[in-house]
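Undergrad: Quick one, what's the 3D model for this:
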Amino acid sequence: MEFKKFEHQVIIRETLLDIYGHVNNAAYFQLLEESRWDFITQQGYGLDKINQLKIGPVLLETKAKFLKELKGREQVTISMQVLEYRGKISRIQQLITKADGQVATEAEFTVALFDLRQRKLVEPTPEWLDAIGAKS
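TA: The predicted structure is shown next:
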């Protein structure tokens, strides 16, 4: 199964900076999480849909590399693409790329779909596969 790539532009806000004047390491995860929510919400699988279906994504593992410094007011592109989906588990890659094309951050997340009623991981639904860009 192949997946399309999602991208959007973000301006690094001052609230994300640490005392060194660059993005705090924890703030990278905030940026990445916000972008994942934006991506799935744009595809019709936001919080309203999760509350309706009682099925939503959960993170199982995270891995990140901080390669280049990000400073306040920089415009960056955050991309997301599912790398694979095996059974109930997927791997998602996110990149934060600077305006000059340099990759500032590489992150990989292990994600699954969680049934809030049964309190267990479930197979991906057609709605979820659409939301994460599965190509037919």
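
Undergrad: what sits opposite Ser79 in the beta ladder?
TA: Per DSSP bridges, the residues bridged to Ser79 are Glu7, Leu95.

Undergrad: residues touching it, list them.
TA: Counting by Cβ atoms under 8 Å, 6 or more residues apart in numbering, Ser79 touches 5-7, 94-95, 97. Using the backbone N, CA and C atoms, a C-beta is placed for each residue, glycine as well.

Undergrad: Distance-wise, check Glu74 relative to Ala104.
TA: 9 Å (Cβ to Cβ, to the nearest Å).

Undergrad: Over to Glu123?
TA: Distance, Glu123 to Ala104, using Cβ to Cβ: 35 Å.

Undergrad: Which one's more surrounded, those two?
TA: Using other Cβ atoms under 10 Å, the more surrounded residue of Glu123 and Ala104 is Ala104, with 21 against 11.
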